[in-house]
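Asks: Need a 3D model of the following:
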Amino acid sequence: MNTNTQFLTWVFFDNTDELLDLNTEKTTKLEPQVAQLLRLLIYSNGALLTRDTIFTQIWPNIVVEHNSLYQLLTKLRRLLNDNPKQPRIIKTVPKKGYQFIAQTQTYAPAVTSSKKKMLTQLSWWKLSIVPIFIVCGSAIAFYSQNTIKNPKPHYEMSDISYELGLEYNVDAHKTKDLIAYIKNFNDLVFSNKQGVILNTIKFPSRIHHPSWHNELDLITFWQYYQDQCILHVYKSSGQAVHRSKGQKCSHSRASSWKSNTQLVINLAHDGHFKPFHYDINTGHILEIPIVLKEREKFQHNITAWQGKTYYLITSTDHKSKLITLDGTVHMEWSHPITMLTYDPKQHTIISNNSDKHHKLVSTSRDGQQHIIANAVQGIFTDLSVDADGDIYTAVETWQVNIRDKDELPIFSTTSIDYLPVSNLLGETAFMSRRSGVYEVYLYSDDQVKQLSYNQGYEYVKHIEWQPQLNLLLTNRDKNVLVYDRQGKVRQFQPVQAATIAQLGWHTNEQVWVYDTNSLLTYDLTGQQLDNITLQVDALIYNNQSAQWLVFDDYTFYSVNSLASLNTRGDWTPINRFSKQQYNQLRNFKLRDNTLYWLSSWSAKDYIWQLPLEQTTISLIKSDELIWHYDIAQDNSLNIAKMEAIEGDIKKLSLLSTHNIP
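Replies: Have a look, this model is predicted:
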C-alpha cells in the first residue's frame, strides 16, 4: 500500500518516508525505523498494536532491548507534537500496547496559484523497479547567476545487485559495458551494466574505491595493509598491471585518471586528506599544492568540465565549494558536500543534499538544482555516472547495536554513530547522529532521555562523566558543553582556532581542552586558567592518580602536573607500543586504574587493555566496523558496532528530459 495519509495537520508520504506539517509547510525526512513505526500505526486502522507485534515488524530476527521501542516512540511523538499524557495521535494502553487514535484520510492537495504544485511520488519499495521523478528545488549560490532553465532529467531505477551482504563503492566505466564494486570488504567484483558478474578477485585485507580509466579497460583501487594504503591497477580479466609502494595513511578516496599513466590520488593521514599526483611508470608521488584559506579542508577531487580536475573544499562553518588549482571557485554550497561526481551527459554535478545521503541532487553550473532520487530505505553511499548519463549508486542499510558481554543489545538503532560512556551508577550517556543531527542522550533507570536539541551539522566527538558523576562534558564543534541529567546547563567556546582534538575533566570544577598545539584549562564559566604549548599524539588525564597520561612517538608517559608537561625530562615512560597497538589510536577509557583504547590495522579495529601498574598490553577484541566501545559498570566490554549491514548497487537509467514549465 502506498498512500499519502493525512491526520490532523500532518501528512505522511508512505513511499518517501517524509512527514509534512501543513501548518508550516515543512517536510521532514524520517529515520527508516521511525517511518516504519508510523506506517504500522496508521495502517492498523485504530486496532491495538502489541509490543511484540511492533518488534516483529521493525526488528525481524534481531534481539532488541525493549528500550529501543521507547526511543522510537519518543522520537515520533516529539515530531508530531503529541503529548503521551494527553494524546491526540498515539495512545499508550498500559501493559498492552499502542493505538493510533487520529482520524485519517487520503491526502489530495488542491493546486492553487499561491502554492507549488506537488508532483506524484512513485515508490520503489522492496527492490521494485519503477521510475523516480525529480522535483525542482531552490537553486543555491554559485559563481554564475544564469537563469536559463535546463531540461529536467527523468530516471528509472533498477537493481544491479540484490544478494545478501554488502555491496558498495561502485564505479561505472564511462564508455564500456563494465562496472566494478566492492563486496563484503575484501572482494572486487566486475560485472556488466545489467548486473551479470564477469569476474571476482579476492584480497586478504580490505579494499576500497575502484576507479575506471575513461577509455581503457584499466581500474585503480586501494588496499589497506597494516598502516599503509597500496594502490593497485588491474584489468577486468583479473590481470594485475601495477602495484604501488605502501603509503602511510588512515583513509583513502577514489582516484582520478589524468592520462594512461598519470593519476590524482587522495590520501589522509591523521584525518586530513591531501591530493597527490601519481605516476604509474615511475611510482613517483608529489603533493598537489592546493591553496586553502584558514579553517578549510580538502576533501576530494573529480574530473569534470573540459576534462579538468576540480577540488572539493569544506570549511568549519560547514560550507562547501568546488575550485580549480588556480583558486577559482566554480560552485558553492551552503551545506556539507561529502559525495559527488560529474555527469558528462547533462554536464552537471551529482551530489548528496543537505539532508546527508537520503537524496541525490543534480546541480548545473548556472545554479539550477533538481532532486533526482530519494533513498526510501537506507542512504546513498557512492556515486558514478557513465557517458550515457546513467547513474550507479549503492544504497546501504544497517543496525547499530551496543552489545554487552553476553552479546545482547543494550541499544539498537539505525543511527549513524554512538559514543557510549558508562559510569559506576550504571548510567550510560551516548551520542546519536540521526538524520544528520548530532544529539546527546542519557540511558538511566531503563529509560532514554534526550539531553540536547540542535539543528545543523555540528559534530559531537567527546563525552565524559564528571569525577563525582553529577555532570557530563561534551563538545559541539568548537564549543564545550556541560549537561546535568535534565539537559544543557553551560556552554562556552575555547580560544582554539579550529577544532577540539580532545577534552576532559581536570577536577570537578575544571575542564581541559587540547587542540594538537596547546593544552588549556577552564573553569565551568568558560574562564581560561592555563595555556600550555604542547604537541603530542594524544593525552588524557587520570583523575584517580591526578596524573597526565601522554602518548607520543609510540611511547606512553605519565606526567605529574600541568607545569611538568612543559619539560619532557619530567615525563616518566610507562610502556612502548607496537605499530599495530599505536596506529590510529583513539577513544581512550580509564576504569579502575586500567587503560583501554582503540586502534586500526589493515582497516580492522582492535581494542587494547593495559593495567597501569603492569607492563603487559592485552588485545581484548578485534572486529570489522567497531565504531566505539564502552566499559560497563562491572568492567565488562560493550561494543557499539554496525551490524545487519545490507548494501545493494542501484542503477538510475536516464530515460528522457522534459523542459521545466
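
Asks: quick one: buried residues of the helix ranked longest in the chain?
Replies: Criterion DSSP state H: the longest helix present in the chain is helix 67-80. Residues 67-69, 71-77, 79-80 are the ones in helix 67-80 that count as buried (16 or more other C-beta atoms under 10 Å). Heads up, the C-betas are built off the backbone N, CA and C, glycines and all.

Asks: Could you verify my assumption that F588 touches S599?
Replies: No. Applying C-beta atoms under 8 Å as the test, F588 and S599 come out as separate, 11.0 Å apart.

Asks: Compare the two (neighbour count), which wins?
Replies: Between F588 and S599, S599 has the larger neighbour count (other C-beta atoms under 10 Å), namely 23 against 16.

Asks: you'd agree the more buried one is in a helix?
Replies: No. S599: not assigned to a helix; according to DSSP: H, G, I helix; E, B strand; the rest coil it is strand.

Asks: That one bridge partners, please.
Replies: Under DSSP bridges, the beta-bridge partners of S599 are Y606.

Asks: For it, give its distance to N583.
Replies: S599 sits 5 Å away from N583 when distances are taken as C-beta to C-beta, to the nearest Å.

Asks: Kindly report the same for P60.
Replies: 38 Å.

Asks: Of those two, give the one with the bigger neighbour count.
Replies: The neighbour count for P60 versus N583, taken as other C-beta under 10 Å, is higher for N583 (19 against 7).

Asks: What are the neighbouring residues in contact with the more buried one?
Replies: Residues in contact with N583 (C-beta atoms under 8 Å, 6 or more residues apart in numbering) are 226-227, 599-601.

Asks: what ranges do the helices span in this structure?
Replies: Under the criterion DSSP H, the chain contains helices at 32-43, 51-58, 67-80, 579-582.

Asks: can you redo those as CSV with mean pLDDT?
Replies: Converted to CSV, those look like this (pLDDT from 0 to 100):
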stretch, mean pLDDT
helix 32-43, 88
helix 51-58, 83
helix 67-80, 80
helix 579-582, 96
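
Asks: Nearest to S252, out of these?
Replies: helix 579-582 (18.6 Å; C-beta to C-beta).

Asks: Remind me what the closest one packs against, helices and strands.
Replies: Counting contacts by 3 or more C-beta pairs under 8 Å, 6 or more residues apart in numbering; DSSP states H and E, helix 579-582 packs against strand 594-601, strand 604-611.

Asks: let's go with 7 Å and repeat that
Replies: On a contact count with 3 or more C-beta pairs under 7 Å, 6 or more residues apart in numbering; DSSP states H and E, helix 579-582 meets strand 594-601.

Asks: Also compute the angle for the strand it packs on relative to strand 604-611, please.
Replies: 160 degrees (axes from the mean of the first three to the mean of the last three C-alpha atoms, to 10 degrees).

Asks: Name the residues that touch strand 594-601?
Replies: Strand 594-601 is contacted from outside by 226-227, 580-589, 605-612, 626, 629, 631, using C-beta atoms under 7 Å, 6 or more residues apart in numbering.

Asks: Take that strand, keep the C-alpha atoms, and write them as PDB.
Replies: C-alpha atoms of strand 594-601 as PDB (Å, rounded to 0.1, in the frame of the first residue of the first chain):
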ATOM      1  CA  THR A 594      43.200   0.300  33.700                       C
ATOM      2  CA  LEU A 595      43.600   2.000  30.300                       C
ATOM      3  CA  TYR A 596      41.700   0.900  27.300                       C
ATOM      4  CA  TRP A 597      42.000   2.300  23.700                       C
ATOM      5  CA  LEU A 598      41.100   1.600  20.100                       C
ATOM      6  CA  SER A 599      43.400   1.200  17.100                       C
ATOM      7  CA  SER A 600      43.200   0.200  13.500                       C
ATOM      8  CA  TRP A 601      45.400  -2.200  11.500                       C
END
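
Asks: Quick check, I391 in contact with I350.
Replies: Yes. I391 is within contact range of I350, at 6.4 Å (criterion: C-beta atoms under 7 Å).

Asks: Can you work out which residues contact both of those two?
Replies: Contacts common to I391 and I350, judged by C-beta under 7 Å, 6+ apart, are 383, 385.

Asks: Any idea what L619 is bridged to?
Replies: W608.

Asks: contacting residues around the nearest residue to I532 once chain neighbours are set aside?
Replies: Leaving aside its chain neighbours, I532 sits nearest to L519 (4.6 Å; criterion: C-beta to C-beta, 6 or more residues apart in numbering). The contact partners of L519, by C-beta under 7 Å, 6+ apart, come to 512, 532, 534, 565.

Asks: and those residues, which are buried?
Replies: Here, 16+ other C-beta under 10 Å leaves 512, 534, 565 buried among these.

Asks: Which residue comes closest to the second one once chain neighbours are left out?
Replies: In space, and not counting its chain neighbours, L534 is closest to L519: 4.7 Å by C-beta to C-beta, 6+ apart.

Asks: what about L178, neighbour count?
Replies: Residues lying near L178 (other C-beta under 10 Å) number 19.

Asks: how many neighbours does the residue nearest to it when sequence neighbours are not counted have?
Replies: Of all residues not flanking L178 in the chain, S236 sits nearest, at 5.7 Å (C-beta to C-beta, 6+ apart). Neighbouring residues of S236 were enumerated by other C-beta under 10 Å; the total is 21.

Asks: tell me the pLDDT at S236?
Replies: Note for S236: predicted pLDDT of 97.

Asks: Over to it: give its phi and psi.
Replies: Main-chain torsions, S236, degrees, to the nearest 10: phi -70, psi -20.

Asks: and P420, how far is that from T74?
Replies: P420 is 18 Å from T74, by C-beta to C-beta.

Asks: just T533 next, same as before
Replies: 45 Å.

Asks: do G97 as well
Replies: Applying C-beta to C-beta to G97 and T74 gives a distance of 16 Å.

Asks: Same question for T220.
Replies: Here the criterion is C-beta to C-beta. By it, T220 lies 46 Å from T74.

Asks: got the end-to-end distance for stretch 472-483?
Replies: 5 Å (C-alpha to C-alpha, to the nearest Å).

Asks: and if you look at stretch 260-273?
Replies: 24 Å.

Asks: same thing with stretch 283-297?
Replies: First residue to last in stretch 283-297 (C-alpha to C-alpha) measures 26 Å.

Asks: Could I get the buried residue list for that stretch?
Replies: The neighbour-count check on stretch 283-297 (16+ other C-beta under 10 Å) flags 285, 288, 290, 296-297 as buried.

Asks: Make JSON lines out of the helices of the chain and add distance to K478.
Replies: Formatted as JSON lines, the helices of the chain follow (distance: least, C-beta to C-beta, whole Å):
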{"stretch": "helix 32-43", "distance to K478": "30"}
{"stretch": "helix 51-58", "distance to K478": "37"}
{"stretch": "helix 67-80", "distance to K478": "27"}
{"stretch": "helix 579-582", "distance to K478": "28"}
